[in-house]
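*Asks:* Got a predicted structure plus its sequence, pasted below:
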Amino acid sequence: MKEVIELKTERLLLRQWRKSDFVDFALLNADPVVMEFFPNVLSEDESNTLANKIESLIAERGWGFWAVEHISNKVFIGFVGLHEPHYELPFNPCVEIGWRLARQYWGKGYATEAGKAALEFAFNHLKLNEVYSFAVVDNMKSIAVMERLKLKNTLSNFEHPMIPENSPLREHVLYKIDKASWDSSNV
């Protein structure tokens, strides 16, 4: 078990998960608007299984999809962080940056703020050369976050292997940022 890394921004704390986060995470995962670009909403059991998996990966590596807490009121708002997908992708092995926030926290810059902290950690502490992100082609909100984080569209859309073949959610855009681009955009 590794020491768990926490990241702090002006408004947010990216930290290890607590069991008290699970109720709010289940509500977030049951919201059809939040889950619009996923195959289905999650039941409470499915959400808890996911939270336990994310929590165990952080315990194992020290980093991952951190729980995001608003510093001012200590409220759990979702997750932002880094992940190593282990299913078949055309660009594996890789580290991806991802996020999922409760709808009431959208449009406030939280995903971008926490994403910048996660990328800074990826490049300056993990010493990664590149970080990827991907989303359903119609998920304009996530694509906008990728672009605010200075990730670039690789123009290499792909069929996500975890999405059923006949699903309109199968085609994903692929964005990427490398260390040199990150450094030049953060001088």
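*Replies:* Looks like it came in fine.

*Asks:* how about residue 122, what does it touch?
*Replies:* Residues near residue 122 by CB atoms under 8 Å, 6 or more residues apart in numbering: 82, 95, 97, 128, 131. Just so you know, the C-beta spots here come from the backbone N, C-alpha and C atoms, and that holds for glycine as well.

*Asks:* after the helix or strand containing residue 52 comes which helix or strand?
*Replies:* Using DSSP states H and E, residue 52 maps to helix 44-61. Note on helix 44-61: by DSSP H and E, the next helix or strand toward the C-terminus is strand 65-70.

*Asks:* could you give the angle of that next one to helix 44-61?
*Replies:* Angle between the axes of strand 65-70 and helix 44-61 is 100 degrees (criterion: axes from the mean of the first three to the mean of the last three CA atoms, to 10 degrees).

*Asks:* secondary structure class for the residue lying farthest from the centre of the chain?
*Replies:* Residue farthest from the centre of the chain, counting by CA atoms, centre = their mean, is residue 166 at 25.1 Å. Put simply, residue 166 is coil when judged by DSSP: H, G, I helix; E, B strand; the rest coil.

*Asks:* What does it show for phi and psi?
*Replies:* In terms of degrees, to the nearest 10, the main-chain angles of residue 166 are phi -90, psi 0.

*Asks:* Okay, it and residue 159: tell me how far apart.
*Replies:* For residue 166, the distance to residue 159 equals 11 Å [CB to CB, to the nearest Å].

*Asks:* follow-up on the earlier one: for the helix holding residue 52, buried residues please.
*Replies:* By 16 or more other CB atoms under 10 Å, the buried positions in helix 44-61 come out as 47, 48, 50, 51, 54, 55, 57, 58, 61.
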